[in-house]
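A.B. asks: structure, please.
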Amino acid sequence: MSARSASVATATAMGGAGAYVLDQFREFYDELIQLREAALKSGRAPGEFDPHAEEADRPAASPPPLPGFAVGPPPLPGESAPPLPPEPEADPDEPEEEEGPVPRAARPRIGMTAEEALQKLETLLEMQALEAGHRGGEYGVLYYREAQYVMAALADEIFINLDWTGRNFWRNDLLETRLFGSYNAGDVVFKRLEKLLQTGDRVQAEIAVVYLMALTLGFRGRYAGGRHEARIAEYRKQLYYYIFQKRPDLDDPSTRIVPEAYHHTHGNVTARLLPSPVRWFWLLGAVIVLYLIASHFAFHDVMAPLIEALDVAEHLQ
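C.D. replies: All right, here's what the predicted structure looks like:
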């Protein structure tokens, strides 16, 4: 049995645990892009490092309700919903308070806070883990948790490097820490990646695709800073070979992850070289020679009367 057949057979045996990981990654990244756009609307990051600058005067947010449940408990069968408490009557003799400036906590907030974004991503990833367990059992959960760790690391790196008001808050409350209790994805992601490549077990080909997508979308971890792009490119080549068992053909449109980026790229264009400058050098030399010759004759024409006068004066003496 080939490696590819073994991969398909194993995925089928465990309920297709790897087949839907890529769909979950796409769902996660779509949500990530929307949250990133909302984060940019909240403004730029503060100048000083203040991890709780944006949450200082906002009460702690309660976790969102689970899907299908109301905020409060439903009434028992045969009972009606509890009535709302009556509003206190206003005292006509009590003077009305003058309206002052609206407190900061009551002002409408533009964009999104870091806590809101973290809760949305945390809820999405936990719901995906439940789906993985439903489809693939215990092995499906373990398989998904590997991809979930990469997704959390990618989200943390994006929002930490994004210039927005929640950046400092996010640094002190990573999505990785909420889900896994750790704080070192920048190193662990590449250690797990290298271990995956060393095993050569293509049963986890979908996990390799998740690693490849994360690197392609900008995850750098311990290689951040732009000085290790050659190393990142080597990882991507190894992952590609691990997944497809062949070297990447960069000219093949089917291998492009984002084909829309190539729609306005010119292809099959014959290179046109600039004209040779040699003839311009010859032309410039000819102009200089003609100028010198013309200057010589002009000099003699101007100096001829003076030379004649000097000769006459010399003969008279």
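
A.B. asks: Tyr240: what's it in contact with?
C.D. replies: Counting by C-beta atoms under 8 Å, 6 or more residues apart in numbering, Tyr240 touches Leu212, Arg247, Pro248. For every residue, glycine as well, the C-beta is placed using N, CA and C.

A.B. asks: that one: which element?
C.D. replies: helix 229-244 (DSSP states H and E).

A.B. asks: could I get stretch 165-177 in CSV with only the CA atoms?
C.D. replies: Extracted C-alpha coordinates of stretch 165-177, given in CSV (Å, rounded to 0.1, in the frame of the first residue of the first chain):
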residue,chain,number,x,y,z
THR,A,165,-5.2,49.6,20.8
GLY,A,166,-5.4,46.0,22.0
ARG,A,167,-1.8,44.9,21.2
ASN,A,168,-0.4,45.4,24.6
PHE,A,169,-3.4,43.6,26.3
TRP,A,170,-3.0,40.7,23.9
ARG,A,171,0.7,40.3,24.7
ASN,A,172,-0.3,39.6,28.3
ASP,A,173,-3.2,37.3,27.5
LEU,A,174,-2.3,35.1,24.6
LEU,A,175,-4.8,32.9,22.9
GLU,A,176,-2.2,30.2,23.2
THR,A,177,-2.1,30.7,27.0
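
A.B. asks: any buried residues in the helix holding Tyr240, and which?
C.D. replies: Using 16 or more other C-beta atoms under 10 Å as the test for burial, helix 229-244 gives Ile232, Tyr235, Gln238, Leu239, Tyr240, Tyr242, Ile243, Phe244.

A.B. asks: put together a markdown table for those residues, with pLDDT and distance to Asp311 on each row.
C.D. replies: Below are the buried residues of helix 229-244 laid out as a markdown table (pLDDT from 0 to 100; distance: C-beta to C-beta, whole Å):
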| residue | pLDDT | distance to Asp311 |
| --- | --- | --- |
| Ile232 | 96 | 87 |
| Tyr235 | 96 | 91 |
| Gln238 | 95 | 93 |
| Leu239 | 95 | 94 |
| Tyr240 | 94 | 92 |
| Tyr242 | 93 | 98 |
| Ile243 | 91 | 98 |
| Phe244 | 90 | 96 |
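
A.B. asks: inside helices: which ones of the contacts of Tyr240?
C.D. replies: Leu212 (DSSP state H).

A.B. asks: out of the contacts of Tyr240, which is most surrounded?
C.D. replies: Leu212 (20 neighbours; other C-beta atoms under 10 Å).

A.B. asks: contacts only, for the closest residue to it other than its chain neighbours.
C.D. replies: Of all residues not flanking Leu212 in the chain, Leu239 sits nearest, at 4.3 Å (C-beta to C-beta, 6 or more residues apart in numbering). Residues counted as contacts of Leu239 (C-beta under 8 Å, 6+ apart) are Leu193, Leu197, Ala208, Val209, Tyr211, Leu212, Leu215.

A.B. asks: where does pLDDT dip in this structure?
C.D. replies: Low-confidence segments of the chain (pLDDT under 70): 1-19, 47-111, 250-271, 317.

A.B. asks: make it 80
C.D. replies: 1-19, 45-111, 200-202, 248-276, 300, 302, 304, 306-317 (pLDDT under 80).

A.B. asks: longest helix of it, counting residues only.
C.D. replies: In the chain, assigned by DSSP H, the helix with the most residues is helix 114-161.

A.B. asks: identify each buried residue in whatever helix or strand comes next after that helix, please.
C.D. replies: Using DSSP H and E, the helix or strand that follows helix 114-161 in sequence is helix 167-171. Neighbour-count burial for helix 167-171, counted by 16+ other C-beta under 10 Å, picks out Arg167, Asn168, Phe169, Trp170.

A.B. asks: with respect to Val312, which of those is nearest?
C.D. replies: Arg167 (95.3 Å; C-beta to C-beta).

A.B. asks: so for the closest one, what's the nearest residue that isn't a sequence neighbour?
C.D. replies: Per C-beta to C-beta, 6+ apart, closest to Arg167 is Ala45, 4.6 Å.

A.B. asks: do Gly166 as well
C.D. replies: Ala114 (3.0 Å).

A.B. asks: tally of neighbours for the one you found?
C.D. replies: So Ala114, with other C-beta under 10 Å, has 24 neighbours.

A.B. asks: check Trp280 too.
C.D. replies: Trp280 has 10 neighbours, counted by other C-beta under 10 Å.

A.B. asks: also the one 10 residues further on?
C.D. replies: Summarising burial for Leu290: neighbours were counted as other C-beta under 10 Å, giving 10.
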